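Participant: I would like the atomic coordinates for the input below:
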Amino acid sequence: MYFVLFCILVAGPGQGRAQKQINLGAGYFGAGRSAPGLVLALELEPFQSESFSSPTRLNLGYFKDPDYGVAFLDLHKGFRKYFRSGLYLEQSVGVGLMATYYDVDNLYYFDRYRNSIRFKEGANISVMPSVELGIGYLLGDTQTSQNRIWIRPRIYWNLGFRNLAFPYAAIQAGFSHTLNAR
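Facilitator: Next comes the predicted model:
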């Protein structure tokens, strides 16, 4: 399963792309009501047609829970469908790394088999697979717009702490600007 996910994420652009855009974005990242944060995104968006693209996005983010802080870096590959009104829908799957900084000296976690895991002070690195669905809107003229707003609900996992049966949920809302279109 991880091999398939890896192949999807690293698959390079194919032939027949009409146009490529480089987008830079920033937004709010909220992992629950008590964990606000920030996300920065750099995106390469090749178009297959005038209304369909397959963006690859690199996210860098941070959020702070009352008990811990998390910095993450992940790579997403997905699909985006544009409508004439300027509205667009998107979906993506990604994988990355998250570094969790706990606000306690020592933390022990016991799983259902009574195995204990000790989390150290400083960064506790773990794998972060995630899926996103999104809706956005192109600001201004839909043919030449370089600015967009978006909201992306996210489901993600902290595989160093919890298994796939217990995902986390987050919401991202932000703004993107097209740096380069070719």
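
Participant: Could you use CA atoms for every contact and neighbour count after this?
Facilitator: Fine.

Participant: Next secondary structure element downstream of the lowest-mean-pLDDT helix or strand in the chain?
Facilitator: Lowest by mean pLDDT, DSSP states H and E among the helices and strands of the chain is helix 2-10, with a mean of 48. Toward the C-terminus, helix 2-10 is succeeded by strand 19-30 as the next helix or strand (DSSP states H and E).

Participant: For that next one, the averaged confidence score.
Facilitator: The average of the pLDDT scores along strand 19-30 is 93.

Participant: Give me the pLDDT for residue 148.
Facilitator: Predicted confidence (pLDDT) at residue 148: the value is 93.

Participant: Name the nearest residue to it, ignoring sequence neighbours.
Facilitator: In space, and not counting its chain neighbours, residue 148 is closest to residue 138: 4.4 Å by C-alpha to C-alpha, 6 or more residues apart in numbering.

Participant: elements contacting the strand or helix carrying that neighbour?
Facilitator: Assessed by DSSP H and E, residue 138 sits inside strand 130-139. Contacts defined by 3 or more C-alpha pairs under 8 Å, 6 or more residues apart in numbering; DSSP states H and E place strand 130-139 against strand 87-102, strand 147-156.

Participant: CSV for those strands, including distance to residue 40 and mean neighbour count?
Facilitator: As requested, the helices and strands packed on strand 130-139 are exported to CSV (distance: least, C-alpha to C-alpha, whole Å; neighbours: other C-alpha atoms under 10 Å):
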stretch, distance to residue 40, mean neighbour count
strand 87-102, 14, 20
strand 147-156, 13, 20
